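# Here is my input, please return the structure:
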Amino acid sequence: MSDDRIVNERDVEWDEESHGSSFLTRRKRLGTAAGGEELGCSLYELPAGKRPFPYHYHTANEEAIYVLSGEGTLRTPEGHDAIGPGDYVALPAGEEHARQVINDGDEPLRYLCLSTMRAPEITVYPDSGKIGAFAGRAPGPDVDRALQAYLPMDAATDYWDGEEEGRD
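Sure thing, here's the model as predicted:
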């Protein structure tokens with residue numbers, strides 16, 4: 001195609017990351033490939049029995065999921081809901097919109113995830129009691145980010161801790 005803003009998913013490589021026996025993230029970063037700056041879009045293909053990410057919520061970014069094929073479950077604070085082809089899920093920022101996709105079906109679950117790309121961002125992981133802090137670039141590709149840190153939610157220090165009077 002002659003327009004760099006147009007990409008076909010066939011021409012975008014899969015990124016894959018796994019952790020333990022439960023987590024597998026397999027995605028094509030379509031928004032990045034097309035030069036998107038403030039709106040992200042990734043195609044996910046989630047094998048049976050897997051989850052792409054831990055249960056979490058964003059404090060700055062809104063996401064949406066559109067299911068293309070397969071069946072699975074969306075875990076939210078209200079419980080577990082079945083999702084399947086044609087389902088669209090709006091996931092605004094905030095604790096009340098915590099989420100996790102689970103492929104508890106027999107076939108791969110394919111879906112698009114769209115996201116605003118606001119930075120800085122704090123992502124909260126209620127199950128493990130940690131936060132992710134991102135600055136310089138919103139969650140997504142890890143390149144050129146000024147700050148990326150994962151910390152226990154109960155980690156705290158005083159504002160003045162480590163500051164010495166008169167230091168130049």
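
# what stretches of the chain score poorly on pLDDT?
1-2, 137-143, 145, 166-168 (pLDDT under 70).

# which stretches of it form helices?
For the chain, the helices defined by DSSP state H cover 30-33.

# what ranges do the strands span in it?
15-19, 23-29, 39-46, 57-58, 63-69, 72-76, 79-83, 88-91, 100-102, 109-116, 121-125, 130-135, 147-152 (DSSP state E).

# now, of those, which is deepest in the fold?
Highest mean neighbour count among the strands of the chain (mean count of other CB atoms under 10 Å): strand 57-58, with a mean of 24. Yep, even glycine has a C-beta here, placed from its N, CA and C like the rest.

# Tell me which of the strands of the chain lies nearest to residue 158.
strand 147-152 (15.8 Å; CB to CB).

# Could you list the residues in contact with the closest one?
Contacts to strand 147-152, defined as CB atoms under 8 Å, 6 or more residues apart in numbering, come from residues 120, 129, 130, 131, 132, 133, 134, 135, 136, 142.

# Great, nothing more from me.
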